[in-house]
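Student: Give me the fold of what follows.
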Amino acid sequence: LDVEGAEVQALNGATQLIRAHKPKLAISAYHKHDDFVQILKTLSDLRNDYKLTLRHYSPIIFDCVIYAT
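Tutor: A predicted model of the protein is given here:
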């Protein structure tokens with residue numbers, strides 16, 4: 001999920017799907033200064049049983065991805 005800063009809104013739009021089916025997610029978390037906090041809060045509000053991991057893909061601040069499985 002890389003929607004250029006609208007990741008939280010996209011997750012909220014998929015609320016029913018996420019709650020019903022618990023899809024595996026890969027969410028970009030580098031567009032806004034509070035992405036980590038807001039994305040993690042949104043995920044925990046939707047489901048509290050995701051295993052979360054973070055992967056950083058470059059030597060600069062960009063390209064961080066939160067994986068929810």
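
Student: got the contact list for the residue most central in space within the chain?
Tutor: Closest residue to the average C-alpha location of the chain: Ile27 at 3.9 Å, with C-alpha atoms, centre = their mean. The neighbours of Ile27, taking C-beta atoms under 8 Å, 6 or more residues apart in numbering as the test, are 1-2, 7, 11, 39, 65-68. (Glycine included, C-beta is placed from N, CA and C.)

Student: and if you look at Leu40?
Tutor: Per C-beta under 8 Å, 6+ apart, neighbours of Leu40: 52, 66.

Student: right, and Asp49 touches Lys22 too?
Tutor: Yes: assessed by C-beta atoms under 8 Å, Asp49 is found in contact with Lys22 at 7.3 Å.

Student: can you pull out the helices in this structure?
Tutor: Assigned helices in the chain, in chain order: 7-13, 15-21, 35-46 (criterion: DSSP state H).

Student: Tell me the buried residues in the last one?
Tutor: Right, helix 35-46. By neighbour count, with 16 or more other C-beta atoms under 10 Å as the criterion, the buried positions of helix 35-46 are 35, 39-40, 42-43, 46.

Student: Could you dump these into TSV with pLDDT and distance to Thr53 added?
Tutor: Rendered in TSV, the data for these read as follows (pLDDT from 0 to 100; distance: C-beta to C-beta, whole Å):
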residue	pLDDT	distance to Thr53
Asp35	90	15
Ile39	96	13
Leu40	94	12
Thr42	96	17
Leu43	95	12
Leu46	95	17
